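Enquirer: pasting the sequence and the predicted coordinates here, then a few questions.
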Amino acid sequence: QVQLEESGGGLVHAGGSLRLSCTASGGTFSSYGMGWFRQAPGKDREFVAGISRINSRTDYADFVKGRFTISRDSSKITVYLQMNGLKPEDTAIYYCAARAGWLVSPRGAEYNYWGQGTQVTVSS
């Protein structure tokens, strides 16, 4: 059983930056591909970024390409989401998720474990 804990959310002005962290416990970190998802009020959960378990292949939603970067540090059992150029429409709860698979996946249903989420609010 893998437990995931997100941190790093907060309130930031448009154009600002935040770095989210997700620390894993209770499992073998290298066995899981990792993803970040978000859910804004009244909207469906959506894929933000993912990183594979091997060779750290990454994938991004079109609306964050060039602004967000996902990375993982196996020694710290942590995955990061560096968010630059934040916009008010990025306001959401951001969730970290882990999946037992080789490839990056944008489908939330393919992830086995989820964190509790961290709130990101971007003011205009």
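Expert: Received it, and whenever you're ready, just let me know what you need. Residues are numbered from 1 along each chain as shown.

Enquirer: count of neighbours near the nearest residue to residue 8 once chain neighbours are set aside?
Expert: Leaving aside its chain neighbours, residue 8 sits nearest to residue 20 (4.2 Å; criterion: Cβ to Cβ, 6 or more residues apart in numbering). Quick note: C-beta positions are derived from backbone N, CA and C, even for glycine. Residue 20 is flanked by 23 other residues according to other Cβ atoms under 10 Å.

Enquirer: what's across from residue 20 in the sheet?
Expert: Per DSSP bridges, the residues bridged to residue 20 are residue 81.

Enquirer: would you mark the buried spots in stretch 24-43?
Expert: By 16 or more other Cβ atoms under 10 Å, the buried positions in stretch 24-43 come out as 24, 27, 29, 32, 33, 34, 35, 36, 37, 38.

Enquirer: would you confirm that residue 18 contacts residue 8?
Expert: Yes. Counting by Cβ atoms under 8 Å, residue 18 does reach residue 8; the two are 6.1 Å apart.

Enquirer: for those two, indicate the residue with more neighbours.
Expert: Neighbour count, other Cβ under 10 Å: between residue 18 and residue 8, residue 18 has more, with 21 against 16.

Enquirer: residues in contact with that one?
Expert: Counting by Cβ atoms under 8 Å, 6 or more residues apart in numbering, residue 18 makes contact with 8, 9, 10, 12, 83, 86, 120.

Enquirer: then residue 116?
Expert: Residue 116 is in contact with 5, 6, 95, counting by Cβ under 8 Å, 6+ apart.

Enquirer: over to residue 109?
Expert: Listed by Cβ under 8 Å, 6+ apart, the contact set of residue 109 is empty.
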